[in-house]
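Visitor: predicted model and sequence below, questions to follow.
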Amino acid sequence: MISTLLALVLVQEASIDATRDVDRSQDETKIRELVQKLSGGKIQDRETASEDLVRAGKAILPILKGELAKTTDEELKARLADVIDRVTRPVFVLEKEVAWEDYLGHSWTPDGKRYLTGQKIFDTETWKRDDVLEKLKPVAFSPDGKLIAVAVFEETDSKIQIGGKRVKVDARTAFRFLATDTLKEVSRLEDATRTEQWFGDTRFLGNDRIVFLAERIRTLESGNGGTSTGAHPVLVVAALKEGTWAVEREIETHTNTFETSPDGKWLCAPPEDATLTGELGVFDTTSRKEAVRFLGNVRFSPDSTWVAVTKKGATDVKVYSAGDWKQRCSLTVESAHDFVAPPLSFTSDSRTLVMADKTLRAWRPSDGKEIASTKPWGVPLTLSCSPQGDLLVVGCYEGDLKKTWHEQPRKLLVYRLRQPK
């Protein structure tokens, strides 16, 4: 039997971070009894002893390390090392579930107090929505937090074919850039000559460039002499020069995926000669020269030193170093579905890579070691880490193939990657 005091510790330590001091003078003998059960005997007894020690938490680490140092039993060494690893490993803690509507885009203020997704802004303390800002249709915060990009819409006569029906669409005619503190307009990107498009994902490329997806509504001639109307994606890069925003260039694309490095040096977009769906070139934003080419979903670390790449249906994530583009490690994953690549995100210190497939996982890109995992609800579609690094927001949907996207429940799952105390 474990002593009463240790038993209380084990009950309270159901969460790794909730530790209690252990009276070693009274309980070392009982703990060592558990340690001895890790070698030999019944498998069930070894597993029970292992779980009891893990639940006891970091307070008993000195004893475990002492036992590890003096034992010559290789089997016991391996089991002790496993217990110590599990005790010191970070854990995902689910803090909040929030109703979610749209998966387009995600953006944080630098202090992490506001999170923007699908034109909805959440207060990250309460996870309540900011109704005042939402009426402005915000799409992105600038990296320095001083500007909010706001989309301006107006009705048009443009229609597209959706599910056998002709549907009228609103056009994005401009971006307004508002000062975050006053909400007053400080600049604007006019787009009056391009009214037949609407915005998709929008991101800042540094503080003086913005990149966004647009979909041109085009009427094309068909082979039988008729015409068909459809939407064609375009990636637009606009820049702020001498106080005025203007479109720098447009990139024809066959995908709604793109990525930018936090330092503004690299833009991932489909190359003009792309032959594979999902192929992305990494372009220097100054010279516009292509440095390397990847296939799938690309994510840069906040310090722009790491690049993680995966694709739909893949069973691994490859991590490269930016600049020399050498592969550093490969991480085994479990793809959640075959039509969207698993979402990726780095923590703010760039030391941890998080990915959501059927399991939410955290790795160290430096050596490829998995340090935490948990099973999320539904099918993850988006993933974003806060500027502070410990908060993760996962956008999930039910994943029922018998239902349409609009019929399926959707949630934002708010986790903390919590280190054991």
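Guide: Structure received. Numbering: from 1, shown residues only.
Visitor: residue 310 versus residue 361, what's the distance?
Guide: Remark: distance between residue 361 and residue 310 (Cβ to Cβ, to the nearest Å) = 12 Å. To be clear about C-beta, it is placed using only N, CA and C from the backbone, and glycine gets the same treatment.
Visitor: ugh, wrong one, I meant residue 368
Guide: 14 Å.
Visitor: in this structure residue 65 contacts residue 84, no?
Guide: Yes. With contact defined as Cβ atoms under 8 Å, residue 65 reaches residue 84; the gap is 6.8 Å.
Visitor: what about the two, which has more around it?
Guide: Ranked by neighbour count (other Cβ atoms under 10 Å), residue 65 and residue 84 place residue 84 first, with 19 against 13.
Visitor: name the SS class of that one, please.
Guide: helix (DSSP: H, G, I helix; E, B strand; the rest coil).
Visitor: okay, and the common contacts of residue 361 and residue 310?
Guide: 333, 355 (Cβ atoms under 8 Å, 6 or more residues apart in numbering).
Visitor: neighbour count for those two, which is higher?
Guide: Using other Cβ under 10 Å as the criterion, residue 361 and residue 310 rank with residue 310 on top: 26 against 22.
Visitor: now that one, nearest residue through space, not along the chain?
Guide: Excluding the flanking residues, the one nearest residue 310 by Cβ to Cβ, 6 or more residues apart in numbering is residue 317, at 4.5 Å.
Visitor: please apply the same query to residue 54.
Guide: Distance criterion Cβ to Cβ, 6+ apart; nearest residue to residue 54, sequence neighbours excluded, is residue 86 at 4.9 Å.
Visitor: okay, now residue 271: neighbour count?
Guide: Neighbour number of residue 271 under other Cβ under 10 Å is 15.
Visitor: so where do the helices sit in this structure?
Guide: Per DSSP state H, the chain carries helices over the ranges 4-12, 24-36, 43-56, 61-70, 74-88, 131-134.
Visitor: in TSV, list the ones you listed along with distance to residue 418.
Guide: Listed next are the helices of the chain as TSV, based on distance: least, Cβ to Cβ, whole Å:
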stretch	distance to residue 418
helix 4-12	16
helix 24-36	24
helix 43-56	15
helix 61-70	17
helix 74-88	12
helix 131-134	29
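Visitor: can you redo those helices as a markdown table with distance to residue 94 and mean pLDDT?
Guide: Formatted as a markdown table, these follow (distance: least, Cβ to Cβ, whole Å; pLDDT from 0 to 100):
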| stretch | distance to residue 94 | mean pLDDT |
| --- | --- | --- |
| helix 4-12 | 19 | 37 |
| helix 24-36 | 29 | 72 |
| helix 43-56 | 19 | 78 |
| helix 61-70 | 26 | 85 |
| helix 74-88 | 19 | 82 |
| helix 131-134 | 25 | 76 |
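Visitor: so what's the nearest residue to residue 94 once chain neighbours are set aside bridging to?
Guide: Distances taken as Cβ to Cβ, 6+ apart place residue 415 nearest to residue 94, at 5.6 Å, with adjacent residues excluded. For residue 415, the beta-bridge partners are residue 94, residue 392 (DSSP bridges).
Visitor: surely residue 415 touches residue 97?
Guide: No. Residue 415 lies out of contact with residue 97 (Cβ under 8 Å); the separation is 10.4 Å.
Visitor: which of those two has more neighbours?
Guide: Taking neighbours as other Cβ under 10 Å, residue 415 and residue 97 compare with residue 415 leading, 25 against 13.
Visitor: how far away is that one from residue 384?
Guide: Going from residue 415 to residue 384 by Cβ to Cβ gives 11 Å.
Visitor: what do you get for residue 327?
Guide: Distance of residue 327 to residue 384, given as Cβ to Cβ: 25 Å.
Visitor: settle it for me: which of these two has more neighbours?
Guide: Shown here are residue 327 and residue 384; by other Cβ under 10 Å, residue 384 has more neighbours (20 against 11).
Visitor: and that one, what are its bridge partners?
Guide: Beta-bridge partners for residue 384, by DSSP bridges, are residue 393.
Visitor: then residue 151?
Guide: Residues in a beta bridge with residue 151, per DSSP bridges, are residue 175.
Visitor: quick revisit: which residues do residue 415 and residue 384 both contact?
Guide: Contact criterion Cβ under 8 Å, 6+ apart; residues bridging residue 415 and residue 384 by contacting each: 392-393.
Visitor: number of nearby residues for residue 394?
Guide: Neighbours of residue 394 using other Cβ under 10 Å come to 25.
Visitor: on the pLDDT front, check it for me.
Guide: In this model, residue 394 is scored at 90, pLDDT.
Visitor: mind listing what it touches?
Guide: Residues counted as contacts of residue 394 (Cβ under 8 Å, 6+ apart) are 343, 356, 360, 376, 380, 382-383, 412-413, 415.
Visitor: and the strands in the stretch 101-250 of the chain, which stretches?
Guide: 106-108, 114-117, 120-123, 138-141, 147-162, 165-179, 185-190, 199-204, 209-221, 227-241, 244-252 (DSSP state E, counting those that start in this stretch).
Visitor: domains in this structure, by residue range?
Guide: Here the domain assignment for the chain is 4-88, 92-418, based on automatic domain parsing.
Visitor: between the helices of the chain, which one is nearest to residue 140?
Guide: For those, proximity to residue 140 was assessed by Cβ to Cβ; helix 131-134 is nearest, at 12.3 Å.
Visitor: correct me, but residue 381 touches residue 343?
Guide: Yes. Judged on Cβ under 8 Å, residue 381 makes contact with residue 343 at a distance of 6.6 Å.
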